[in-house]
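Participant: Predicted structure and sequence below. I'll ask about it afterward.
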Amino acid sequence: MPGITHWQHPSFFAYFPTASTLEGTIADLYASSVSAPGFNWLCSPAATELEAITMDWAAKLFGLDEVFMASSLKGGGVIQPTASDSCLTAVAAARSRFSKLHPETHLQNLVIYGTTMTHSLGAKAALILGLSFRALEVSRNDAYSLRGETLEKALKEDRAAGKIPFILIATVGTTSSCAIDNITEIELVVKEYPELWIHIDAATLLTDALDVTPEFLRTKHSEEGTVIDYRNWQLALGKRFRALKLWFVLRSYGAEGYRAHIRKGIKQAELFATRIRESKKFEIVTPPCFALVVFRMVGNVTEGSPPPSLAQLNSLNRLFHRRVSARPDIFIIQTDIEGMYCLRFVPGAERTEDRHIEAAVRLFEEEATKALREWEEKA
């Protein structure tokens, strides 16, 4: 299809692949056939009830305690439109909580913590809410994981300067390198700073922060507290009937189907990493994690000559990426890690097989040879 990037193509290795399924397509058709704006329980009870059920299923798949489930009458999940919406909603809830505990605090002193590997959603949340964002430095020696001592040092510095860090956006699998913050060490530090919110959603606090209920939205069921009104769990008033799509796919694939798909992507990433390690043209930049491999070209080093500088390697890798991007049969994207221009490789499309991984490696070897020749001619 002209003008469409084919995310389901077996050689799509960019971003984080989002698979489309027949089941999901059918569910979208069903959801589109009815008007289910979902801003409160009464306007479409099935949409609300099914979301609560499927979110409980998700909680069980993630191994969460029953307190996180709607069935416990204490927790519950919500399908947010995007990851950015999820972060912004959590930051808004955290700010509301802190302001209620400390009404004398000036909002301009509040600081959101992330790391130099945190997704842009953290900085964007700060821009939207008029707050400060501090990206804590992480290093290659720690696999770009946020360590407890880094967090503790920053907390002491900001407190001494009159700043108040009130939320930390910790990450398990960053976008650039799939780095995993050291949650165990972070938890130990946070014990000394109990007012610091770690980005884990808490439903009751969330609804308090976002509860705006004009008279025309009030219902008997809501006033009695016997139902969920999802408008108070998100930024927007209305919501799509996404739970139906999740229900269709979960019922079709099942928990084992989901696990098999995830494991397949991880095994294919391991295969790719093995081939990259065997090559003399490439190196792995960060330890492979889940289904992400970050790599780059290394260039030729002749005996007696100095190795290429960072700027030279970046120039070579940009040239290599331009060549690969010009091809219609594969798709990868770039990232920047501590000034290094790198390439990301992420298998995950449903139709991707090992032969597509092997073909990608051969393609990269071919384009690397041509890129190196062109780069040396320009040097």
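Facilitator: Done, it's in.

Participant: quick one: stretch 276-289 to chain centroid distance?
Facilitator: Stretch 276-289 sits 23 Å away from the centroid of its parent chain (C-alpha atoms, centre = their mean, to the nearest Å).

Participant: quick one: average confidence on that stretch?
Facilitator: Across stretch 276-289, the average pLDDT comes to 94.

Participant: and what of stretch 361-370?
Facilitator: Here the average pLDDT along stretch 361-370 is 97.

Participant: ok, and for it, which residues are buried?
Facilitator: Judged by neighbour count using 16 or more other C-beta atoms under 10 Å, the buried positions of stretch 361-370 are 361, 363-364, 367-368. Every residue, glycine included, has its C-beta placed from N, CA and C.

Participant: again, but for stretch 61-71
Facilitator: Those would be 68-70, for stretch 61-71 by 16+ other C-beta under 10 Å.

Participant: repeat for stretch 126-139
Facilitator: Buried, per 16+ other C-beta under 10 Å, within stretch 126-139: 126, 131-134, 136, 138.

Participant: could I get the buried residues of stretch 61-71 as a markdown table with distance to Gly38 and pLDDT?
Facilitator: Output for the buried residues of stretch 61-71, formatted as a markdown table (distance: C-beta to C-beta, whole Å; pLDDT from 0 to 100):
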| residue | distance to Gly38 | pLDDT |
| --- | --- | --- |
| Phe68 | 21 | 90 |
| Met69 | 20 | 94 |
| Ala70 | 15 | 93 |
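
Participant: In TSV: these, plus distance to Phe13 and secondary structure.
Facilitator: Conversion of these to TSV gives the following (distance: C-beta to C-beta, whole Å; DSSP: H, G, I helix; E, B strand; the rest coil):
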residue	distance to Phe13	secondary structure
Phe68	33	helix
Met69	35	coil
Ala70	37	helix
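
Participant: ok, of these, which one's closest to Lys245?
Facilitator: Ala70 (18.5 Å; C-beta to C-beta).

Participant: What distance do you get for the closest one to Asp142?
Facilitator: Going from Ala70 to Asp142 by C-beta to C-beta, to the nearest Å gives 37 Å.

Participant: following the helix or strand of the chain with the lowest mean pLDDT, which helix or strand comes up?
Facilitator: Among the helices and strands of the chain, helix 203-210 carries the lowest confidence by mean pLDDT, DSSP states H and E, at a mean of 56. Note on helix 203-210: by DSSP states H and E, the next helix or strand toward the C-terminus is helix 220-224.

Participant: packing partners for the following helix or strand past that next one?
Facilitator: Heading C-terminal from helix 220-224, the first helix or strand you meet, by DSSP H and E, is helix 242-278. Packing contacts for helix 242-278, counted by 3 or more C-beta pairs under 8 Å, 6 or more residues apart in numbering; DSSP states H and E, involve helix 22-32, helix 45-61, strand 282-284, strand 293-297, helix 354-378.

Participant: and the ones you listed as JSON lines, adding distance to Gln268?
Facilitator: As requested, the helices and strands packed on helix 242-278 are exported to JSON lines (distance: least, C-beta to C-beta, whole Å):
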{"stretch": "helix 22-32", "distance to Gln268": "22"}
{"stretch": "helix 45-61", "distance to Gln268": "22"}
{"stretch": "strand 282-284", "distance to Gln268": "15"}
{"stretch": "strand 293-297", "distance to Gln268": "10"}
{"stretch": "helix 354-378", "distance to Gln268": "5"}
